[in-house]
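In: This is the structure alone, sequence omitted:
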(Lines give C-alpha, C1' and ligand atoms only; values in the text may rest on other atoms or scores of the structure.)
Protein backbone atom coordinates (compact mmCIF):
# COMPACT_ATOMS: atom_id res chain seq x y z
CA UNK A 1 0.00 0.00 0.00
CA UNK A 2 1.40 3.41 -0.97
CA UNK A 3 1.92 6.07 1.66
CA UNK A 4 -0.81 8.24 0.22
CA UNK A 5 -3.36 5.42 0.27
CA UNK A 6 -2.36 4.63 3.83
CA UNK A 7 -2.60 8.29 4.83
CA UNK A 8 -5.95 8.79 3.11
CA UNK A 9 -7.24 5.71 4.91
CA UNK A 10 -6.04 7.14 8.20
CA UNK A 11 -7.52 10.53 7.41
CA UNK A 12 -10.95 8.99 6.90
CA UNK A 13 -10.82 7.52 10.39
CA UNK A 14 -9.80 8.93 13.72
CA UNK A 15 -6.32 9.37 15.07
CA UNK A 16 -4.95 6.72 17.37
CA UNK A 17 -3.40 7.73 20.70
CA UNK A 18 -0.12 9.58 20.45
CA UNK A 19 2.58 7.03 19.55
CA UNK A 20 5.50 6.39 21.81
CA UNK A 21 8.90 7.46 20.46
CA UNK A 22 10.40 4.73 18.28
CA UNK A 23 14.00 3.61 18.33
CA UNK A 24 15.80 4.08 15.05
CA UNK A 25 19.19 3.04 13.76
CA UNK A 26 21.86 5.73 13.84
CA UNK A 27 22.05 5.65 10.07
CA UNK A 28 18.31 6.17 9.78
CA UNK A 29 18.40 8.97 12.35
CA UNK A 30 21.14 10.74 10.40
CA UNK A 31 19.17 10.44 7.19
CA UNK A 32 15.97 11.64 8.85
CA UNK A 33 17.46 14.71 10.51
CA UNK A 34 19.49 15.89 7.54
CA UNK A 35 18.04 18.55 5.27
CA UNK A 36 15.61 17.07 2.75
CA UNK A 37 16.29 17.17 -0.96
CA UNK A 38 13.77 17.46 -3.78
CA UNK A 39 12.50 14.09 -5.04
CA UNK A 40 14.69 12.40 -7.60
CA UNK A 41 11.67 11.42 -9.67
CA UNK A 42 9.51 13.92 -11.54
CA UNK A 43 6.34 15.34 -10.07
CA UNK A 44 3.24 13.16 -10.53
CA UNK A 45 1.56 13.54 -13.90
CA UNK A 46 -1.68 14.57 -12.20
CA UNK A 47 0.12 17.34 -10.34
CA UNK A 48 1.90 18.62 -13.46
CA UNK A 49 -1.37 18.55 -15.37
CA UNK A 50 -3.08 20.81 -12.83
CA UNK A 51 -0.20 22.94 -11.51
CA UNK A 52 2.87 24.68 -12.86
CA UNK A 53 5.66 24.28 -10.31
CA UNK A 54 7.76 27.44 -10.23
CA UNK A 55 11.50 27.47 -9.71
CA UNK A 56 11.00 29.27 -6.42
CA UNK A 57 11.73 27.65 -3.08
CA UNK A 58 9.71 29.22 -0.27
CA UNK A 59 11.39 27.32 2.54
CA UNK A 60 13.31 24.24 3.63
CA UNK A 61 12.58 22.41 6.87
CA UNK A 62 13.63 19.21 8.62
CA UNK A 63 11.17 17.10 6.67
CA UNK A 64 10.04 19.19 3.71
CA UNK A 65 10.79 21.58 0.89
CA UNK A 66 8.12 24.16 0.05
CA UNK A 67 7.82 25.52 -3.48
CA UNK A 68 5.44 27.91 -5.15
CA UNK A 69 3.10 26.63 -7.84
CA UNK A 70 0.30 28.03 -9.99
CA UNK A 71 -3.10 26.43 -10.58
CA UNK A 72 -3.41 26.28 -14.38
CA UNK A 73 -7.20 26.38 -14.15
CA UNK A 74 -7.71 29.30 -11.77
CA UNK A 75 -4.36 31.08 -11.98
CA UNK A 76 -4.14 31.05 -8.19
CA UNK A 77 -0.67 30.76 -6.68
CA UNK A 78 -0.37 27.97 -4.10
CA UNK A 79 2.25 26.40 -1.85
CA UNK A 80 3.54 22.94 -2.74
CA UNK A 81 4.93 21.14 0.29
CA UNK A 82 7.16 18.21 -0.73
CA UNK A 83 7.56 15.91 2.27
CA UNK A 84 10.39 13.42 1.87
CA UNK A 85 9.50 9.87 2.93
CA UNK A 86 13.05 8.96 3.90
CA UNK A 87 13.35 12.02 6.12
CA UNK A 88 10.04 11.21 7.81
CA UNK A 89 10.92 7.71 9.01
CA UNK A 90 9.64 7.35 12.57
CA UNK A 91 7.54 10.53 12.26
CA UNK A 92 4.84 9.31 9.89
CA UNK A 93 2.17 10.07 12.47
CA UNK A 94 2.97 13.78 12.14
CA UNK A 95 1.98 13.71 8.48
CA UNK A 96 -1.16 11.72 9.24
CA UNK A 97 -2.09 14.23 11.94
CA UNK A 98 -1.58 17.27 9.74
CA UNK A 99 -3.53 15.81 6.82
CA UNK A 100 -6.27 14.57 9.12
CA UNK A 101 -6.76 18.12 10.32
CA UNK A 102 -6.35 19.91 6.99
CA UNK A 103 -8.94 17.69 5.33
CA UNK A 104 -11.39 18.32 8.17
CA UNK A 105 -11.24 22.12 8.35
CA UNK A 106 -12.36 24.97 6.12
CA UNK A 107 -12.03 28.44 7.59
CA UNK A 108 -10.71 31.79 6.30
CA UNK A 109 -8.26 32.02 9.20
CA UNK A 110 -6.83 28.52 8.72
CA UNK A 111 -4.64 27.43 5.82
CA UNK A 112 -6.61 25.26 3.37
CA UNK A 113 -5.62 21.98 1.72
CA UNK A 114 -6.13 21.89 -2.06
CA UNK A 115 -4.72 18.58 -3.32
CA UNK A 116 -2.63 15.53 -2.33
CA UNK A 117 -0.17 13.73 -4.62
CA UNK A 118 2.55 11.11 -4.23
CA UNK A 119 5.87 10.24 -5.87
CA UNK A 120 8.13 7.27 -5.08
CA UNK A 121 10.16 9.60 -2.86
CA UNK A 122 7.67 12.04 -1.41
CA UNK A 123 4.16 13.07 -0.53
CA UNK A 124 3.16 16.37 -2.17
CA UNK A 125 0.62 18.65 -0.50
CA UNK A 126 -0.85 21.70 -2.23
CA UNK A 127 -2.16 24.35 0.18
CA UNK A 128 -2.97 28.04 0.30
CA UNK A 129 0.01 30.27 -0.38
CA UNK A 130 0.35 32.69 2.52
CA UNK A 131 2.41 35.24 0.62
CA UNK A 132 1.86 38.06 3.10
CA UNK A 133 4.54 36.85 5.49
CA UNK A 134 4.75 36.15 9.21
CA UNK A 135 2.86 38.21 11.77
CA UNK A 136 5.84 39.95 13.39
CA UNK A 137 7.55 40.63 10.08
CA UNK A 138 4.52 42.42 8.70
CA UNK A 139 3.95 44.44 11.87
CA UNK A 140 7.52 45.72 11.67
CA UNK A 141 7.07 46.66 8.01
CA UNK A 142 3.91 48.66 8.65
CA UNK A 143 4.17 52.40 9.02
CA UNK A 144 2.05 52.22 12.17
CA UNK A 145 -0.47 50.14 14.06
CA UNK A 146 -2.51 50.66 17.20
CA UNK A 147 -4.66 48.75 19.69
CA UNK A 148 -7.58 48.67 17.30
CA UNK A 149 -5.36 47.05 14.66
CA UNK A 150 -3.97 44.64 17.25
CA UNK A 151 -7.49 43.75 18.38
CA UNK A 152 -8.48 42.86 14.84
CA UNK A 153 -5.46 40.59 14.47
CA UNK A 154 -6.09 38.80 17.78
CA UNK A 155 -9.77 38.43 16.83
CA UNK A 156 -8.78 36.58 13.65
CA UNK A 157 -6.56 34.21 15.62
CA UNK A 158 -9.41 33.62 18.05
CA UNK A 159 -11.87 32.92 15.24
CA UNK A 160 -9.56 30.24 13.86
CA UNK A 161 -8.86 28.72 17.28
CA UNK A 162 -12.54 28.75 18.21
CA UNK A 163 -13.28 26.85 14.99
CA UNK A 164 -10.56 24.29 15.80
CA UNK A 165 -11.65 23.85 19.41
CA UNK A 166 -15.27 23.32 18.36
CA UNK A 167 -13.95 20.36 16.38
CA UNK A 168 -11.83 19.13 19.31
CA UNK A 169 -8.57 20.10 17.60
CA UNK A 170 -5.74 21.50 19.75
CA UNK A 171 -3.00 23.29 17.79
CA UNK A 172 -0.36 23.15 20.56
CA UNK A 173 2.19 25.38 18.82
CA UNK A 174 0.63 28.78 18.23
CA UNK A 175 3.35 31.38 17.74
CA UNK A 176 3.94 34.34 15.40
CA UNK A 177 5.89 32.15 12.98
CA UNK A 178 2.79 30.00 12.47
CA UNK A 179 0.53 32.99 11.81
CA UNK A 180 0.79 34.10 8.19
CA UNK A 181 -1.03 36.72 6.15
CA UNK A 182 -2.68 35.31 3.04
CA UNK A 183 -1.42 38.18 0.89
CA UNK A 184 0.33 41.53 1.13
CA UNK A 185 -2.95 43.44 0.95
CA UNK A 186 -3.74 45.60 3.97
CA UNK A 187 -6.94 43.67 4.70
CA UNK A 188 -5.51 40.21 4.01
CA UNK A 189 -6.72 37.56 6.48
CA UNK A 190 -4.33 36.16 9.06
CA UNK A 191 -4.11 32.36 8.83
CA UNK A 192 -3.08 29.65 11.29
CA UNK A 193 -0.60 27.17 9.79
CA UNK A 194 1.57 24.16 10.72
CA UNK A 195 -0.43 21.38 12.38
CA UNK A 196 2.41 18.90 12.83
CA UNK A 197 2.18 19.10 16.64
CA UNK A 198 -1.60 19.34 16.74
CA UNK A 199 -3.94 16.72 18.13
CA UNK A 200 -7.54 15.72 17.52
CA UNK A 201 -9.14 14.74 20.82
CA UNK A 202 -11.20 11.57 20.94
CA UNK A 203 -13.37 13.31 23.54
CA UNK A 204 -13.62 17.06 24.13
CA UNK A 205 -12.15 16.68 27.63
CA UNK A 206 -9.26 14.35 26.72
CA UNK A 207 -6.00 14.98 28.56
CA UNK A 208 -2.78 15.14 26.52
CA UNK A 209 0.62 14.45 28.05
CA UNK A 210 3.25 14.98 25.33
CA UNK A 211 5.51 17.95 26.14
CA UNK A 212 5.49 19.91 22.90
CA UNK A 213 5.49 23.49 21.70
CA UNK A 214 7.90 26.41 21.46
CA UNK A 215 9.75 27.82 24.51
CA UNK A 216 8.28 31.16 25.47
CA UNK A 217 4.81 30.37 24.10
CA UNK A 218 4.20 27.07 25.86
CA UNK A 219 1.68 26.89 28.72
CA UNK A 220 2.78 25.99 32.27
CA UNK A 221 0.70 22.79 32.41
CA UNK A 222 2.68 21.45 29.44
CA UNK A 223 5.97 22.05 31.23
CA UNK A 224 4.66 20.64 34.50
CA UNK A 225 3.38 17.56 32.64
CA UNK A 226 0.11 17.58 34.55
CA UNK A 227 -1.92 17.05 31.39
CA UNK A 228 -3.15 19.64 28.93
CA UNK A 229 -5.82 20.37 26.34
CA UNK A 230 -7.45 23.28 24.51
CA UNK A 231 -6.48 25.94 27.11
CA UNK A 232 -2.82 25.77 25.98
CA UNK A 233 -3.77 27.54 22.76
CA UNK A 234 -5.34 30.43 24.66
CA UNK A 235 -2.22 30.80 26.81
CA UNK A 236 -0.15 31.12 23.62
CA UNK A 237 -2.54 33.76 22.28
CA UNK A 238 -2.01 35.70 25.50
CA UNK A 239 1.76 35.67 25.00
CA UNK A 240 1.35 36.82 21.40
CA UNK A 241 -1.06 39.60 22.39
CA UNK A 242 1.25 40.81 25.17
CA UNK A 243 4.20 40.93 22.77
CA UNK A 244 2.53 42.84 19.94
CA UNK A 245 1.24 45.45 22.39
CA UNK A 246 4.50 46.27 24.16
CA UNK A 247 7.33 44.85 22.06
CA UNK A 248 8.72 42.25 24.48
CA UNK A 249 7.56 38.89 25.80
CA UNK A 250 5.93 38.41 29.24
CA UNK A 251 8.35 35.69 30.38
CA UNK A 252 12.12 35.80 30.40
CA UNK A 253 15.01 33.63 31.52
CA UNK A 254 18.78 33.64 31.14
CA UNK A 255 18.54 30.11 29.78
CA UNK A 256 15.82 27.63 28.88
CA UNK A 257 15.59 26.23 32.39
CA UNK A 258 15.03 29.65 33.98
CA UNK A 259 12.58 30.58 31.20
CA UNK A 260 10.55 27.47 32.00
CA UNK A 261 10.68 28.29 35.71
CA UNK A 262 9.35 31.77 34.97
CA UNK A 263 6.47 30.34 32.96
CA UNK A 264 5.67 27.76 35.62
CA UNK A 265 5.63 30.43 38.33
CA UNK A 266 2.73 32.12 36.58
CA UNK A 267 4.31 35.55 37.14
CA UNK A 268 4.06 38.31 34.55
CA UNK A 269 4.13 42.08 34.86
CA UNK A 270 2.81 45.26 33.24
CA UNK A 271 5.48 47.88 33.86
CA UNK A 272 3.94 51.31 34.15
CA UNK A 273 6.53 52.99 31.95
CA UNK A 274 5.67 50.80 28.97
CA UNK A 275 2.04 49.94 29.66
CA UNK A 276 0.56 53.24 30.88
CA UNK A 277 -0.85 54.02 27.43
CA UNK A 278 -2.30 50.54 26.93
CA UNK A 279 -5.98 50.21 27.82
CA UNK A 280 -7.11 48.46 30.98
CA UNK A 281 -9.35 46.33 28.78
CA UNK A 282 -6.33 44.96 26.92
CA UNK A 283 -4.54 44.20 30.19
CA UNK A 284 -7.64 42.45 31.50
CA UNK A 285 -7.84 40.17 28.48
CA UNK A 286 -4.13 39.33 28.68
CA UNK A 287 -4.55 38.46 32.36
CA UNK A 288 -7.45 36.15 31.48
CA UNK A 289 -5.37 34.47 28.76
CA UNK A 290 -2.39 34.04 31.09
CA UNK A 291 -4.41 32.65 33.98
CA UNK A 292 -2.32 29.91 35.55
CA UNK A 293 -5.04 27.31 36.12
CA UNK A 294 -6.20 26.02 32.71
CA UNK A 295 -9.76 25.40 33.89
CA UNK A 296 -10.04 29.09 34.84
CA UNK A 297 -8.44 30.42 31.66
CA UNK A 298 -10.64 32.27 29.20
CA UNK A 299 -11.66 30.25 26.13
CA UNK A 300 -11.45 31.39 22.51
CA UNK A 301 -15.24 31.67 22.32
CA UNK A 302 -15.38 33.73 25.52
CA UNK A 303 -12.52 35.97 24.40
CA UNK A 304 -14.37 36.85 21.21
CA UNK A 305 -17.04 38.51 23.37
CA UNK A 306 -14.52 40.45 25.47
CA UNK A 307 -14.89 44.25 25.21
CA UNK A 308 -11.34 44.67 23.87
CA UNK A 309 -12.20 42.39 20.95
CA UNK A 310 -15.70 43.72 20.28
CA UNK A 311 -14.52 47.33 20.46
CA UNK A 312 -17.03 48.40 23.09
CA UNK A 313 -14.27 49.88 25.28
CA UNK A 314 -12.56 51.91 22.57
CA UNK A 315 -10.66 54.83 24.07
CA UNK A 316 -8.33 57.52 22.81
CA UNK A 317 -5.37 55.42 23.95
CA UNK A 318 -6.49 52.63 21.63
CA UNK A 319 -5.41 54.76 18.65
CA UNK A 320 -1.86 55.41 19.91
CA UNK A 321 0.75 54.18 17.43
CA UNK A 322 2.22 51.07 19.09
CA UNK A 323 4.99 50.67 16.54
CA UNK A 324 6.21 54.19 17.29
CA UNK A 325 6.17 53.39 21.01
CA UNK A 326 8.18 50.22 20.43
CA UNK A 327 10.87 52.13 18.53
CA UNK A 328 11.21 54.42 21.56
CA UNK A 329 11.85 51.55 23.98
CA UNK A 330 15.38 51.12 25.37
CA UNK A 331 17.60 49.32 22.89
CA UNK A 332 17.77 46.06 24.85
CA UNK A 333 13.98 45.99 25.23
CA UNK A 334 13.16 47.04 21.67
CA UNK A 335 15.52 44.41 20.35
CA UNK A 336 13.32 41.72 21.87
CA UNK A 337 10.56 42.40 19.36
CA UNK A 338 13.04 41.71 16.56
CA UNK A 339 14.57 38.84 18.53
CA UNK A 340 11.16 37.21 18.92
CA UNK A 341 11.11 36.84 15.16
CA UNK A 342 14.77 35.91 14.72
CA UNK A 343 14.85 33.34 17.51
CA UNK A 344 11.72 31.60 16.22
CA UNK A 345 13.53 31.11 12.94
CA UNK A 346 16.53 29.75 14.84
CA UNK A 347 14.31 27.21 16.62
CA UNK A 348 13.18 25.83 13.29
CA UNK A 349 16.79 25.43 12.16
CA UNK A 350 18.52 24.26 15.31
CA UNK A 351 15.70 23.09 17.64
CA UNK A 352 17.48 24.86 20.48
CA UNK A 353 16.26 27.27 23.12
CA UNK A 354 14.86 30.65 22.14
CA UNK A 355 15.29 31.96 25.64
CA UNK A 356 18.62 33.74 25.12
CA UNK A 357 17.18 37.22 24.66
CA UNK A 358 18.23 40.58 26.07
CA UNK A 359 16.92 41.33 29.56
CA UNK A 360 13.65 43.21 29.68
CA UNK A 361 13.07 45.97 32.23
CA UNK A 362 11.91 45.21 35.73
CA UNK A 363 8.10 45.38 35.77
CA UNK A 364 5.33 45.60 38.33
CA UNK A 365 4.13 42.18 39.39
CA UNK A 366 0.62 41.13 38.38
CA UNK A 367 -1.32 38.07 39.45
CA UNK A 368 1.53 36.12 41.02
CA UNK A 369 0.73 32.43 41.28
CA UNK A 370 2.88 29.55 42.42
CA UNK A 371 3.56 26.35 40.53
CA UNK A 372 4.98 23.13 41.86
CA UNK A 373 8.68 22.52 41.47
CA UNK A 374 9.51 21.07 38.07
CA UNK A 375 12.55 19.73 36.24
CA UNK A 376 15.18 22.36 35.52
CA UNK A 377 15.46 21.15 31.95
CA UNK A 378 12.86 19.67 29.66
CA UNK A 379 12.95 18.70 26.01
CA UNK A 380 9.96 20.02 24.10
CA UNK A 381 8.89 18.31 20.93
CA UNK A 382 9.35 21.15 18.44
CA UNK A 383 9.93 19.41 15.12
CA UNK A 384 7.42 20.13 12.40
CA UNK A 385 7.17 19.25 8.74
CA UNK A 386 7.13 22.97 7.90
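Out: Now that the structure is in, tell me what you want to look at. The structure presented is a predicted model; accordingly, all values stated were derived computationally and were not measured.
In: Residue 278: what secondary structure?
Out: Of the three states, residue 278 takes coil according to DSSP: H, G, I helix; E, B strand; the rest coil.
In: Go ahead and confirm it touches residue 246.
Out: Yes: using Cβ atoms under 8 Å, residue 278 is in contact with residue 246, at 7.1 Å. To be clear about C-beta, it is placed using only N, CA and C from the backbone, and glycine gets the same treatment.
In: more neighbours, the two?
Out: residue 246 (26 against 21; other Cβ atoms under 10 Å).
In: Nearest residue to the more buried one in space, please, no chain neighbours.
Out: Nearest non-adjacent residue to residue 246, counting by Cβ to Cβ, 6 or more residues apart in numbering: residue 274, 5.3 Å away.
In: Residue 243 reaches residue 249, doesn't it?
Out: Yes: look at residue 243 against residue 249 with Cβ under 8 Å: they come within range, at 5.2 Å.
In: distance of the residue nearest to residue 246 from residue 195?
Out: Relative to residue 195, residue 274 is positioned 34 Å away (Cβ to Cβ, to the nearest Å).
In: just residue 54 next, same as before
Out: Going from residue 54 to residue 195 by Cβ to Cβ gives 25 Å.
In: more neighbours, those two?
Out: Using other Cβ under 10 Å as the criterion, residue 54 and residue 195 rank with residue 195 on top: 26 against 13.
In: For the more buried one, pull up the helix or strand it's in.
Out: Element membership of residue 195 [criterion: DSSP states H and E] is none; it lies in no helix or strand.
In: which stretches of this structure have low pLDDT?
Out: Low-confidence segments of the chain (pLDDT under 70): 1-42, 143, 313-386.
In: domains of the protein?
Out: With domains defined by automatic domain parsing, the chain comprises 10-128, 133-366.
In: Could you look over those domains and pick the most buried one?
Out: Highest mean neighbour count of the domains of the chain: domain 133-366, a mean of 19 (counted as mean count of other Cβ atoms under 10 Å).
In: so residue 270 touches residue 283, yeah?
Out: Yes: using Cβ under 8 Å, residue 270 is in contact with residue 283, at 5.7 Å.
In: May I have the phi/psi pair for residue 122?
Out: phi -150, psi 160 (degrees, to the nearest 10).
In: Now do the contacts for it.
Out: Remark: with contacts taken as Cβ atoms under 8 Å, 6 or more residues apart in numbering, residue 122 is in contact with 39, 82, 83, 84, 85.
In: Can I get the residues you listed in CSV including secondary structure and distance to residue 181?
Out: Compiled in CSV, the contacts of residue 122 are given as follows (DSSP: H, G, I helix; E, B strand; the rest coil; distance: Cβ to Cβ, whole Å):
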residue, secondary structure, distance to residue 181
39, coil, 29
82, strand, 23
83, strand, 24
84, strand, 28
85, coil, 31
